[in-house]
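# Need a 3D model of the following:
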Amino acid sequence: MEQHIATLLVNTHSAEQGTRKQAELDLLHAQTNPEFPLALLRIGSAADAAVDLRQSAWSYLRKFIEHNWAPDNETGKLPSIPIDDSTKDQIRNVALEQALGTEGQRKIKVAASYAISKIALADFPEQWPTLLPTVLSVISTGTDVQLHGALVILQDLVEEALSEETFQENARNVIKACYEVAVNTGRKETHRGLAVQVFRNCLNHMDTLKDSQKKAVMEFAKEILDVWMPFFEQVLAASLPVSEVSDTHPEAWYGPVALKVQAVKTLTKIKAVFPSLLLPLSPKLFTATWQELKRLSPAYQAFFVTSDAQSRLEDMDGLPYSLDFLVLDELDFLNQCMRAQPVQASLNADIQAHGAVHDTPWVHELMELLVTYSQITKEEEGLWEFDFSLYIAEESGMTANYTARTACGDLLIKLGEWLGPQAIGGLFAYSKTLFSGPADWQRQEAALFLVGTILSDFAECEKPVPAEIPEAYIQLVSYALGRGNEHLLVSRGFIVAGTLAQLYPPTVDLFLDKVMHTLTQDGDELVRVACIKSLEGLLRAGVPVERQGQIISVIQAFLESKDQEDLESADDLLLTILEVLHLVINMDARIALHPDGKAIDILFLVAKNGADNFQITSVVHEAFEDIASSVKDTNDPALYTALCAKALPSITGAIDVANLTQDEPLVSLAAELLELLVEYGSDPLPAGFVNTLFPKINRLLMTSPEADVLRPATNAVKYMLEHGHHQVFSYSDENNRSGIEVCLVIIDRLLSPQIKDVAACAVGGLAAELVEKAGQERLGPFLPQLLQGVATRLDTAQNASLIQSLSLVFARLSLEGAQDVVNFLSEIQINGHNGLQVVLGKWLENSTTFAGYDDIRQNVIALSKIYSLDDPRVSQTQVKGDLVIPDSNRIMTRSRSKQNPDQYTIIPAPLKILKLLVDELLSASGAQTTINAEAAAELADVGLDDDDDDEGWEDDDTLDLTREGTKAELMKFLESSRHKDDETGAYLREFFAQAAREGVARFQEWYNMLTEDEKGKLQECLTQ
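Here you go, the predicted model:
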């Protein structure tokens, strides 16, 4: 069988798709043969076989093990292809032999180790108790080849297979083994780094255990860190091997850099988990890291700024070994150390001794260091000049790329949080030397990048900056703008100009003309793109409204100068242009309606090119809504007619040419904009509005299966009924069907089971609006059919929005005719069940999840009216009551949840209604907010009592429970979707008072069935 399997494995790598697919299918069929895993095992362990074939065999064996070794952890489902115990024993033994043996093929060792980790997840320690002792033994006594395999296995065990209990039993031995390898200079640095990585993963377990056994864990941590810290200090202080500075990494640096990276990462982890234990050493570690970064700066400059050395290099085990990784981690750790009180005390003493921040030597040295590592690398320079969209993505923070440049900006921001505006002054003092000496555009650009970063942070946080600081920087920015062919420096100057203006508005006039002039020239594309970004900042600072038309014209000209294909792939640039356009429109939204205005045309042009980008469509939606709402606020029908004339050709054009049976993002956006246009329509709608739009909307609703099209299009019809129902009723289509008939056909399609819940979730609003506006006299026999369809779809609905939408059809009808609703539902059958039972059951079960002030208020009033009927049919309807809390304290996994679904009490509908109304009164009165505030305060108190381990460190970017602002935010987060609503609260207080006073619908009888907690809440709310 082995030869056959080997042939299939080879064929899975065939360039011929048919051969490859057939081989994969044959391997799938071969799995049912009991010999299949053993055949893979023999191929993988055959020393004379090709490495690629052996690696493939181990890969397939690992997947086979993953699916068939043990029952599924989530579902408890047994494997479809069981493996007998003798085969398992053989696989375990051979896999361990391969991983820990003396054969030097690293790929095979790693592949075998992966298989072992999958087995260990199921078998360790119960079925494989010897695994960990065997691995630790090899780590202590094995050769380098054996050590590598053992460390890979140990890494997987610690990361995936060790439970808290097993880790506690073996932590000392595991950490001791890692330490012995880490400090052994006779071992390879990569192996030592791997050992440090395993130790770092042990800290994750200790972090988890700290929650339940803090004292014991802290004592153990202090014990082991007392042993490990001298090693980390030694690694950090050690210089890299002497090597001539060249344009690429010396091979002799690979191992030492890999070890240093792991050491620094582990120190950062220690700071996160055991900050108090690291605090006393923070000054020494800060100094060592600073000195290391100073030593590395010439090499970094040579490798990445002057030359284009390869970056982000990792070995087969995932250990980083290139200099850029080390610099990045050390900059981050330096940032952490600077937050330590002993470090800040020492640095602050130096500042006091020198009288001012900008005169302090360490500030000057730090700024020099930050500028060095903030320089644009050769790789970035090449990428940005090739694709300006990457540049704008970096500038807009729309990339996950984290570099030394980014880390330097973060460190400077942290310095600004500590020293305030004086940090900017310290940077300026150093930057002046760069602009007054020999021109070095890369360092000048880096200095401006840093000041732009910290100024942006001050602007976002609304921190004041003394006027002399931006005034001082005007000279440096102006210098950059005049540097001609140094395009990246000029670009940086424009971007900083936009940031500077937000903190110092007098600079707007100074820079706006330069930005506008540059945008109209055929200059460097990168510079023009930077001007767009700069324009965003200038607009946020406040541009005179009379410049609005000129800015729109410049944006239009810029877009027209671009190739259509370039725009389609430039989402980040389009998003920035949209942000600028949005800001321009908000200066005076009426500009969009001017006959010669191009704002809406530009909006749709950008939307057309970026319709498949969620961020772009969101900004387009927001900008168009601002225009439509501002027109609505004027209450001027002529302005709304002008808006329709501007917007409808583009919106309907997208619908007319689209294939509605496919997912086309532009059609979805067009439907959303159409919804907004009708939602903010005039009352009444302009003459002929419905005749123009209804056929197009009907085409959308009767053709498209897409939720993103059906939802907004359904709402558009609802708003047409709301603002212009007379036009709808007088409408007739090409088949001579009336507007009411067209609406009924649309509703019928949306209620059909072929339409998914998420796509149909707006149908209830449309149905309710149609019933309300048309009434019994117009709908006639269609009304019962419509309501029967709504009730039937409600029975099967699972989506919360659809359930709310359909339930509110009956809620709105109940406001004026609760008895008619109960009568109707009692007389119909839905899938063999009484309609009242089906609708009330679903309605009451989901009422607590309803959202929106108006919907909640209507629901509350409707339920109170149904209750007040005291109809025996309602009283006899049994619905879900309170959740039954099980006595078990076992953790409820997904598989257990499926086996033991939630159980509820069964109670009469009137009692359920009262329970819901008590909860709604609580929310409407603001009492729920008080309860949540108390919960937030209790949580904050718990946080204060429980976690004082980071005392002595400046607050990190984690939740600070001591801040009043955080408490307020936490309280807001804890609130449900229900907020204080005076109108609803007043109605419910009057309802309960009258019900108690007059005994409405046997109120006392139902009141006695409420829980004591509910009675207490009701009494509290009624006495407010």
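
# which residue sits closest to His725 in space, ignoring its chain neighbours?
Lys773 (4.2 Å; C-beta to C-beta, 6 or more residues apart in numbering). Every residue, glycine included, has its C-beta placed from N, CA and C.

# got it, and Gly764?
Nearest one to Gly764, counting by C-beta to C-beta, 6+ apart, is Ser805 at 2.9 Å.

# Can you tell me how far the one you found is from Gly852?
Going from Ser805 to Gly852 by C-beta to C-beta, to the nearest Å gives 11 Å.

# The two: which is more packed in?
Ser805 (27 against 12; other C-beta atoms under 10 Å).

# which residues touch that one?
Residues in contact with Ser805, defined by C-beta atoms under 8 Å, 6 or more residues apart in numbering, are 761-765.

# and Asp882, helix, strand or coil?
Secondary structure assignment for Asp882 (DSSP: H, G, I helix; E, B strand; the rest coil): strand.

# neighbours around it, how many?
Using other C-beta under 10 Å, the number of residues around Asp882 comes to 12.

# Specify the next element, helix or strand, located C-terminal of the lowest-mean-pLDDT helix or strand in the chain.
For the chain, using mean pLDDT, DSSP states H and E, the weakest element among its helices and strands is helix 964-974, scoring a mean of 42. Scanning forward in sequence from helix 964-974 by DSSP states H and E, the next helix or strand is helix 982-998.

# re earlier: out of the contacts of Ser805, which is nearest to Leu693?
Ala762 (16.9 Å; C-beta to C-beta).

# Name the nearest residue to that closest one, sequence neighbours excluded.
Excluding its sequence neighbours, the residue lying closest to Ala762 (C-beta to C-beta, 6+ apart) is Thr714, at 4.0 Å.

# Would you confirm that that neighbour belongs to a strand?
No. Read with three-state DSSP, Thr714 is helix and lies in no strand.

# Near it, how many other residues are there?
Neighbour count for Thr714, taken as other C-beta under 10 Å: 28.

# now do the one 4 residues further on
Counted with other C-beta under 10 Å, the burial measure for Lys718 works out to 24 neighbours.

# Quick check: pLDDT value at it.
Predicted confidence (pLDDT) at Lys718: the value is 97.

# For it, give me its contacts.
Lys718 makes contact with 762, 765-766, 769, according to C-beta under 8 Å, 6+ apart.

# Glu180 now?
Contacts of Glu180 by C-beta under 8 Å, 6+ apart are 139-140.

# Give me the pLDDT value at it.
97.

# give me the element it is part of.
With DSSP H and E as criterion, Glu180 is part of helix 164-183.

# Counting neighbours, which bits of that helix end up buried?
Neighbour counts over helix 164-183 (16 or more other C-beta atoms under 10 Å) mark 167-168, 170-171, 174-175, 177-179, 181-183 as buried.

# for stretch 495-512, the distance to its chain's centre please.
Counting by C-alpha atoms, centre = their mean, to the nearest Å, stretch 495-512 is centred 32 Å from the centre of its parent chain.

# Need the mean per-residue confidence for that stretch.
In the prediction, stretch 495-512 has an average pLDDT of 94.

# Please export the alpha-carbon coordinates of it; CSV is fine.
Extracted in CSV, the C-alpha atoms of stretch 495-512 (Å, rounded to 0.1, in the frame of the first residue of the first chain):
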residue,chain,number,x,y,z
ILE,A,495,0.8,66.6,5.7
VAL,A,496,2.3,68.3,8.8
ALA,A,497,0.8,71.6,7.5
GLY,A,498,-2.7,70.1,7.7
THR,A,499,-2.0,68.9,11.3
LEU,A,500,-0.4,72.1,12.4
ALA,A,501,-3.5,74.1,11.2
GLN,A,502,-5.8,72.1,13.5
LEU,A,503,-3.8,73.3,16.6
TYR,A,504,-3.1,76.7,15.2
PRO,A,505,-5.9,77.9,12.8
PRO,A,506,-4.0,81.1,11.7
THR,A,507,-1.9,78.8,9.5
VAL,A,508,-4.9,77.8,7.4
ASP,A,509,-4.6,80.8,5.0
LEU,A,510,-0.8,80.4,4.9
PHE,A,511,-0.9,76.8,3.6
LEU,A,512,-4.3,76.5,1.8
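
# Show me the contacts of Ser805 that map onto helices.
Judged by DSSP state H, the contacts of Ser805 include 763-765 as members of helices.
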